[in-house]
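Q: below is the structure, and that's it, no one-letter string:
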């Protein structure tokens, strides 16, 4: 079994892989975050973009208060 020690990996390479970082219209860096929820005995996750951990926490609080279903996704254009 391979064990990855995340604090050590994080210190050696503080930047996320390219697919987990982007920038907004103003060129400000954004990063991919993960939130999870439990339902029917299972745990599921959603990923979203935020500027930093504080912004991610703010966005999760907003989701908690305002999230609404828009429909099923069938394809990407």
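A: Sure, I can see it. Note that the coordinates shown come from a computational prediction; the quantities given were computed from them, not determined experimentally.
Q: use CA for all of it now, contacts and neighbours both
A: OK.
Q: which element is the spatially most central residue of the chain on?
A: With the centre of the chain defined as its mean C-alpha position, the nearest residue by C-alpha atoms, centre = their mean is residue 33, 1.8 Å away. Using DSSP states H and E, residue 33 sits in strand 29-39.
Q: go on, residue 47?
A: strand 42-50.
Q: so which elements touch the following helix or strand past that strand?
A: For strand 42-50, the following helix or strand on the C-terminal side (DSSP H and E) is helix 53-66. Secondary-structure packing of helix 53-66 (3 or more C-alpha pairs under 8 Å, 6 or more residues apart in numbering; DSSP states H and E): strand 42-50.
Q: and the strand it packs on with helix 53-66, angle?
A: If you take axes from the mean of the first three to the mean of the last three C-alpha atoms, to 10 degrees, strand 42-50 sits at 120 degrees to helix 53-66.
Q: in strand 42-50, what counts as buried?
A: If you call a residue buried by 16 or more other C-alpha atoms under 10 Å, then strand 42-50 has these buried ones: 49, 50.
Q: partners of that strand, with directions?
A: Paired neighbours of strand 42-50 in the sheet (DSSP bridges): strand 29-39 (antiparallel).
Q: buried residues, the strand it pairs with. List them.
A: Applying a neighbour-count criterion of 16+ other C-alpha under 10 Å, one finds 30, 31, 32, 33 buried in strand 29-39.
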